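Undergrad: predicted model and sequence follow; I will ask about them next.
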Amino acid sequence: QGTGSGFIVSSDGYILTNNHVVAGADRVMVRLYDKREFTAKVVGSDPATDVAVIKIDARDLPAVSLGNSDSTRVGEWVLAIGNPLGEAFTFTVTAGIVSAKGRLLNGLQQSRYAIQDFIQTDAAINPGNSGGPLVNVRGDVIGINAAIASETGFYSGYGFAIPINLAHTVMEQLIKTGHVERAVMGVAIREVQPEDADAVGLKEISGVVVNSYTGDDSPAKRAGIQPGDVIVALDGQPVSNVPQLQQTVGFKRPGDAVEVTVLRQGGVRKTYTVRLARAPLGDEEVASKAGAGKGEVAPKEEALGVSVQPLTADDQQDPRFRSVVQAGGGLVVTDVSPDGPAFQRLAAVDDPGGPDVIVKVNGAPTRNRAEFREALAKVRRGDIVTLQVLSPDNSSATGWTGRVVRLRAR
């Protein structure tokens with residue numbers, strides 16, 4: 001048995017909460033402030049945004065006023081309402097400010113395909129607060145309390161809420177159909193790093209990097225978009241970051257055509273027409289993250305501060321590496337220098353999430369050390385080196401996910 005929070009959004013009993021509050025529950029009970037209890041029906045839930053809608057059989061209920069999270073500003077006062085730490089502290093209110101917006105929280109997503117755009121607050125949020133409202137000083141709901149950043153599992157300074165504008169869009173679809181239908185371009189994406197901006201001629205750190213395709217039938221692949229491209233605009237509107245692109249694409253309709261503008265290595269600007277596909281339930285553009293690692297000692301390629309080795313005979317028989325071999329092979333990262341450009345960007349053999357496998361350097365395949373060194377021989381100090389990497393990913397059908405890592409050679 002677990003407890004969580006929620007809030008009434010309509011007088012006839014619709015309630016917003018978190019997906020993780022109701023996921024896997026055999027029965028959902030709702031207790032109102034006046035101590036009445038109801039058995040609730042789960043109308044629908046969306047793991048990608050951690051939003052769920054439940055309903056109780058009641059009439060003339062007081063409902064909250066939904067605000068506009070887009071207009072919420074950092075520094076505004078907010079209140080978090082919920083039931084922290086179980087039955088002893090029901091209907092607790094804590095106060096704080098909006099500390100930041102647009103937060104991405106790797107490790108807190110329930111799905112490989114999570115849409116993240118959290119509001120960060122220092123209002124105290126604890127286990128049990130999940131699903132409760134974050135309100136502004138006018139009493140308008142601007143978010144759904146969803147997560148905390150803590151090593152102990154309890155409040156230690158910051159909590160995170162799902163913006164109500166995102167939650168409201170999801171809620172409308174859940175009430176109408178019981179699920180959320182999303183469109184996809186079929187790419188794994190990440191935020192732009194300074195090295196990416198330099199490589200494609202961006203004057204500011206903005207846009208979204210295409211790491212890889214999510215399948216051979218990727219709409220982006222068919223249109224001509226390539227791994228390493230930086231998406232800077234969609235239908236003529238600037239793209240700033242991963243959450244913005246995920247939401248803009250995700251809430252379009254499958255079959256819609258969008259104009260995607262990218263910058264490519266060397267500053268080449270291209271626009272492609274991409275016809276969006278229907279995502280399997282729970283899927284949208286995949287937000288990727290980088291890993292870090294440190295491993296056994298081996299000769300290092302000093303330009304990047306990494307040691308690599310070809311796949312051994314044992315590796316080639318290892319089921320984990322089967323898809324890597326089928327894709328043409330690559331070089332396993334065995335060590336990463338803590339003072340090198342690859343530190344915290346590549347994962348080595350003894351990293352819990354490693355090892356990474358480098359398959360291309362600046363577009364050239366790297367099936368052995370000779371090819372790797374040949375590619376790096378053309379690199380001068382200060383140049384941007386573009387690596388295409390396979391990283392272990394248990395949620396992928398192949399066990400790996402592709403990503404693009406750009407490093408400045410030393």
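TA: All right, it came through fine.
Undergrad: below-threshold pLDDT in the chain: ranges please.
TA: Scanning the chain for pLDDT under 70 picks out 1, 86-88, 105-114, 149-157, 280-301.
Undergrad: kindly list the longest strand within it.
TA: Longest strand of the chain, by residue count under DSSP state E: strand 92-103.
Undergrad: how about it: buried residues?
TA: Using 16 or more other CB atoms under 10 Å as the test for burial, strand 92-103 gives 92, 94, 96, 98-99, 101, 103. Where C-beta positions appear, they are placed from N, C-alpha and C, glycine not excepted.
Undergrad: strand partners (parallel or antiparallel) of that strand?
TA: strand 77-82 (antiparallel), strand 118-121 (antiparallel) (DSSP bridges).
Undergrad: for Phe38, see how far away Gly143 is.
TA: 25 Å (CB to CB, to the nearest Å).
Undergrad: now do Arg27
TA: 11 Å.
Undergrad: what's the next secondary structure element after the helix or strand encompassing Gln246?
TA: If you go by DSSP states H and E, Gln246 is part of helix 242-250. The C-terminal neighbour of helix 242-250 among helices and strands, as given by DSSP H and E, is strand 257-264.
Undergrad: now tell me what touches stretch 65-76 from outside.
TA: Outside stretch 65-76, the residues within contact range by CB atoms under 8 Å, 6 or more residues apart in numbering are 9, 97-101, 119, 135-143, 163-166, 168.
Undergrad: looking at those, which are in helices?
TA: Taking DSSP state H, the ones among those that sit in helices are 164-166, 168.
Undergrad: switch those over to JSON lines; also include neighbour count and distance to Tyr272.
TA: Formatted as JSON lines, the ones in helices among the contacts of stretch 65-76 follow (neighbours: other CB atoms under 10 Å; distance: CB to CB, whole Å):
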{"residue": "Ile164", "neighbour count": "27", "distance to Tyr272": "33"}
{"residue": "Asn165", "neighbour count": "18", "distance to Tyr272": "28"}
{"residue": "Leu166", "neighbour count": "24", "distance to Tyr272": "27"}
{"residue": "His168", "neighbour count": "17", "distance to Tyr272": "31"}
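Undergrad: so which of those is the closest to Leu245?
TA: The nearest member of those to Leu245, counting by CB to CB, is Leu166 at 13.5 Å.
Undergrad: what's the burial count for the closest residue to Pro243 other than its chain neighbours?
TA: Counting by CB to CB, 6 or more residues apart in numbering, Asp117 is the residue found nearest to Pro243 once chain neighbours are left out, at 3.7 Å. Neighbour count for Asp117, taken as other CB atoms under 10 Å: 20.
Undergrad: distance check, Asp117 against Gly143.
TA: 10 Å.
Undergrad: list residues touching both of these two?
TA: Counting by CB under 8 Å, 6+ apart, the residues touching both Asp117 and Gly143 are 162-163.
Undergrad: how long is stretch 326-339 from one end to the other?
TA: The first and last residues of stretch 326-339 sit 34 Å apart, counting by CA to CA, to the nearest Å.
Undergrad: can you give me the buried ones in it?
TA: 329-337.
Undergrad: ditto for stretch 205-223
TA: 207-214, 218-221, 223.
Undergrad: stretch 268-275 now?
TA: By neighbour count with 16+ other CB under 10 Å, stretch 268-275 contains the buried residues 272, 274.
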